[in-house]
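# A structural model of the following input is requested.
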Amino acid sequence: MDRSGFDAFVREVADPLHRYLLRRTDPATADDVLGDALLVCWRRRGDIPAEALPWAFGVAKGCLRNAERAQRRRTRLELKLVAQPAPTEAPELDLSQALARLRPADAELIRLWAWEELPPQAIATVLGITANAASVRLHRAKRRLREELGKDRADAGHDGAQGGDR
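Numbering: from 1, shown residues only. Predicted structure coming up:
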């Protein structure tokens, strides 16, 4: 399907899909899910059957389920954060400064692992290295980060004792 064919498809299904979604969720989520559903339709435009609307409803239903799962994950995370005990009067360790003191390659490994939540195998794919190399480099980067954070603790008047997995 070319661009003009897809434009005609969108004119046919966008309003019915939006109404479908509005009956199932709030307006902001409906708008977001409609955009996601149309993006999926664009990517799968070669799969669009002659009876396009029922197929598009199925796509929208799947996108809505994804959005609902994401919202449940966010809610669970918010509940976990609220349930955390209040921080004690321990001095703050500046993670961003500790990361900045790492070699750029080590900092990137830590970010991929911690921020992007990638396992070593996926990190290996991102960096174009073997999974074993990613695991070893990640282990070393974590150790270097602990050392940098230990320096922050020592500078703050602590003895530099470290907890965790050594």
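# can you list phi and psi of the residue most central in space within the chain for me?
Centroid check for the chain by CA atoms, centre = their mean gives Glu116 as the closest residue, at 6.0 Å. Here is the backbone geometry of Glu116 (degrees, to the nearest 10): phi -90, psi -10.
# same question for Thr130.
The phi/psi pair for Thr130 (degrees, to the nearest 10) is phi -80, psi 160.
# do Asp26 as well
According to degrees, to the nearest 10, the main-chain angles of Asp26 amount to phi -70, psi 160.
# what does Thr25 give?
Dihedral pair for Thr25: phi -160, psi 180, per degrees, to the nearest 10.
# that one: neighbour count?
Residues within reach of Thr25, counting by other CB atoms under 10 Å, total 17. Any C-beta I mention is one placed from the backbone N, CA and C, and that applies to glycine too.
# give me the element the closest residue in space to it that isn't next to it in sequence is part of.
Among residues not flanking Thr25 along the chain, Leu64 sits closest, at 6.5 Å (CB to CB, 6 or more residues apart in numbering). Using DSSP states H and E, Leu64 sits in helix 52-83.
# against which helices or strands is that helix packed?
Applying 3 or more CB pairs under 8 Å, 6 or more residues apart in numbering; DSSP states H and E, we find helix 52-83 packed against helix 3-22, helix 27-43.
# so Leu99 is in contact with Ala107, correct?
Yes: counting by CB atoms under 8 Å, Leu99 touches Ala107, with 4.8 Å between them.
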